[in-house]
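Colleague: got a predicted structure plus its sequence, pasted below:
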Amino acid sequence: MRLHLIAIGGSAMHNMAIALSLKGNIVTGSDDAIYEPSRTRLLKHEILPAQMGWFPENITPDIDAVILGMHARADNPELLRAQELGLKVYSYPEYIYEQSKDKTRIVVGGSHGKTTITSMILHVLKACKKDFDYLVGAQLEGFDTMVKISEAPLIVIEGDEYLASPIDRRPKFHLYRAHIGIISGIAWDHINVFPTFDNYIEQFKIFLKTIETNGTIIYNIEDSIVKEVVETSTLSLTKIPYKVEDNFTDNGVTYLRVNEETIPLEIFGSHNLQNLEAAHFACKAVGIDDFDFYHAMSSFKGAAKRLELLGKNKATAVYKDFAHSPSKLRATLNAVKEQYPDRELVAVMELHTFSSLNKDFLNEYKGCMDKADTAVVFINRRTFEQKNLEPYTENQVKEAFDNDKLIFFNNSEILVEFLSYINYKSKNLLLMSSGDFGGVDLNILANKALTM
């Protein structure tokens, strides 16, 4: 088939382009800017656009389908040309569904843990030599792309609740029509799309309705909202609850007790142990037995940027995490404190997302940093300028977090200077953001902390 991707440089889009090209399709694309690693990867597969920009002449009648990325706008010249010619235009989740109509579909939904659960399932399926396709929101060790589309009978999909495309305002996870669905947790996010918590919860109720008849929903029974949404549903679904199973921590390592066995893990924290059980039941539903699952999981190191270890010595560990929403902050801080109860925690988070920069949402962070011994909040002042928003003051941030001891920075150089003068003996450093801390090299920062 001849396929054209508008906004090909995006994280999911460029991976989809590569996957479709590897499947033997003729793939072209366009974008107004393409950054690393997308640029190098597209160039390697000979599908990097010759020039940046939108060119209606790229859209010709012989194109079988146009796939529209979220980065494009509704008035994109190439999109308008495709519509004028009557070409079929898909969002990328729509096209994933088109490519997986005849497959068993596992769809991982939830406000947090989606990437980790999806990664766990992929890790186990690969270890057990299962044939499968996938769509996941992070680059995983041992996987060349974030998307694979082949003739495999099974596909595992990370079901993001954000919008499908500029012209399709449905959440992505509504489009995949799961056979096996997962809900890991429900905590209000994406305030720019879902203006109230009730509206946000409604998206998960709709997700249940999209699951194929007599399908399965695997849900976190330790999340009271998830429990209510699933258990009050009258849909014809098999309902499988999960929770943290018996475990203990010894000398910084978490162990599971399973069927009289003790299994060491590379991951830790209650939220990760919940995620593990979600993956367990999903794998069980496609034929993986308990023994094979847990032994495969003992070598799982975690998804990229999800409590990723940057380095450690006998007295200190440095982690980075994608945490940015209130629920993710709490879960991540709790995990590190539980794993290292005798160490102080220096926790730094960057307010970066649209929701976190919205004054109406900021109070949702109340108490989120209380578990940190040294709590730091950073906002890149340029972010406010770029998004044309009024900057927060230090007092506004402290009041919202309800933490008088919280330390606030809006200059990355001063932040680095502050963190570089801390003595990290018997302390851990946790760096949390969906951004980049104003361009700070976190590996250099970690090395400084570990050599003090």
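Modeller: Nice, I can see it. Residues are numbered from 1 along each chain as shown.
Colleague: for the nearest residue to Val124 once chain neighbours are set aside, give me its contacts.
Modeller: Nearest residue to Val124, sequence neighbours excluded (Cβ to Cβ, 6 or more residues apart in numbering): Ala296, at 4.4 Å. For every residue, glycine as well, the C-beta is placed using N, CA and C. Counting by Cβ atoms under 8 Å, 6 or more residues apart in numbering, Ala296 touches His123, Val124, Ala127, Cys128.
Colleague: restricted to strands, list these.
Modeller: Among those, no member is found in strands (DSSP state E).
Colleague: and which of the residues you listed is nearest to Ala72?
Modeller: His123 (32.9 Å; Cβ to Cβ).
Colleague: which residues does the closest one contact?
Modeller: Listed by Cβ under 8 Å, 6+ apart, the contact partners of His123 are Leu140, Gly142, Ala296, Met297, Ser299, Phe300.
Colleague: relative to Phe300, how far out is it?
Modeller: According to Cβ to Cβ, to the nearest Å, His123 and Phe300 sit 5 Å apart.
Colleague: try Glu394
Modeller: 40 Å.
Colleague: before we move on, what about Gly10?
Modeller: Shown here: Gly10 relative to Phe300, a distance of 27 Å by Cβ to Cβ.
Colleague: do Tyr365 as well
Modeller: Distance check for Tyr365 against Phe300: by Cβ to Cβ, it reads 30 Å.
Colleague: repeat that for Pro195.
Modeller: 37 Å.
Colleague: show me where the stretch 151-300 of the chain has strands.
Modeller: 154-158, 163-165, 168-171, 180-183, 216-220, 238-242, 247-250, 253-258, 261-265 (DSSP state E, counting those that start in this stretch).
Colleague: most tightly surrounded among those?
Modeller: strand 180-183 (a mean of 28; mean count of other Cβ atoms under 10 Å).
Colleague: that one packs against which elements?
Modeller: Applying 3 or more Cβ pairs under 8 Å, 6 or more residues apart in numbering; DSSP states H and E, one finds that strand 180-183 makes contact with strand 104-109, helix 197-210, strand 216-220, helix 224-231, helix 270-285.
Colleague: how about a cut-off of 7 Å?
Modeller: Here strand 180-183 touches strand 104-109, strand 216-220, helix 270-285, going by 3 or more Cβ pairs under 7 Å, 6 or more residues apart in numbering; DSSP states H and E.
Colleague: any idea which helix or strand of this protein has the worst average confidence?
Modeller: Sorting the helices and strands of the chain by mean pLDDT, DSSP states H and E puts helix 381-386 at the bottom, at a mean of 77.
Colleague: buried residues, the helix or strand just after that one. List them.
Modeller: Using DSSP states H and E, the helix or strand that follows helix 381-386 towards the C-terminus is helix 394-401. Buried residues in helix 394-401, counted by 16 or more other Cβ atoms under 10 Å: Val397, Lys398, Glu399, Ala400, Phe401.
Colleague: need the residues you listed in CSV with distance to Leu351 and pLDDT, can you?
Modeller: Shown next, in CSV, are these (distance: Cβ to Cβ, whole Å; pLDDT from 0 to 100):
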residue, distance to Leu351, pLDDT
Val397, 8, 90
Lys398, 13, 92
Glu399, 14, 93
Ala400, 10, 91
Phe401, 10, 93
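Colleague: looking at those, which is nearest Asn251?
Modeller: Using Cβ to Cβ, these come closest to Asn251 at Phe401, 32.7 Å.
Colleague: I figured the closest one hits Asp370, correct?
Modeller: No. Contact criterion Cβ atoms under 7 Å: Phe401 and Asp370 do not qualify, at 8.4 Å.
Colleague: and stretch 240-256, how far out from the chain middle?
Modeller: 22 Å (Cα atoms, centre = their mean, to the nearest Å).
Colleague: contacts for that stretch?
Modeller: 216, 218-222, 257, 262-265, 268, 270, 273-274, 277-278, 281, 294, 339-340 (Cβ atoms under 7 Å, 6 or more residues apart in numbering).
Colleague: what sits against Leu154?
Modeller: Lys103, Thr104, Lys130, Phe132, Val286.
Colleague: and the residues you listed, which two are furthest apart?
Modeller: Lys103 and Lys130 (12.4 Å).
Colleague: what pLDDT does the model give Leu406?
Modeller: pLDDT, Leu406: 94.
Colleague: name the nearest residue to it, ignoring sequence neighbours.
Modeller: Ala375 (4.8 Å).
Colleague: what's around the one you found, how many residues?
Modeller: For Ala375, the count of nearby residues is 22 (other Cβ atoms under 10 Å).
Colleague: make sure it is indeed in a strand.
Modeller: Yes. Using DSSP: H, G, I helix; E, B strand; the rest coil, the assignment for Ala375 is a strand.
Colleague: my guess is it contacts Val348, does it?
Modeller: No. Ala375 is beyond contact range of Val348, at 8.3 Å (criterion: Cβ under 7 Å).
Colleague: and Gln51, what helix or strand is that in?
Modeller: Per DSSP H and E, there is no helix or strand for Gln51.
Colleague: any idea how far it lies from Ile34?
Modeller: Applying Cβ to Cβ to Gln51 and Ile34 gives a distance of 11 Å.
Colleague: for Ile191, same thing?
Modeller: Noted for Ile191: a distance of 29 Å to Ile34, by Cβ to Cβ.
Colleague: now swap in Thr115 and tell me
Modeller: Plainly put, Thr115 is 23 Å away from Ile34 if you go by Cβ to Cβ.
Colleague: tell me who's in contact with the residue with the largest distance to the centre of the chain.
Modeller: Farthest-out residue of the chain from its mean C-alpha position, per Cα atoms, centre = their mean: Pro61, at 36.4 Å. Counting by Cβ under 7 Å, 6+ apart, Pro61 touches Leu85.
Colleague: go again using 8 Å as the cut-off
Modeller: By Cβ under 8 Å, 6+ apart, the contact list for Pro61 reads Leu85, Leu87.
Colleague: look up the pLDDT of it for me, please.
Modeller: 97.
Colleague: try Met146
Modeller: 87.
Colleague: contact partners for it?
Modeller: Ser11, Ala12, Asn15, Leu135, Val136, Gly137, Ala138, Gln139, Leu140.
Colleague: restricted to strands, list the residues you listed.
Modeller: The strands, defined by DSSP E, take in Leu135 from the contacts of Met146.
Colleague: who wins for most neighbours among the contacts of Met146?
Modeller: In the contacts of Met146, the most neighbours by other Cβ under 10 Å go to Leu135, 29 neighbours.
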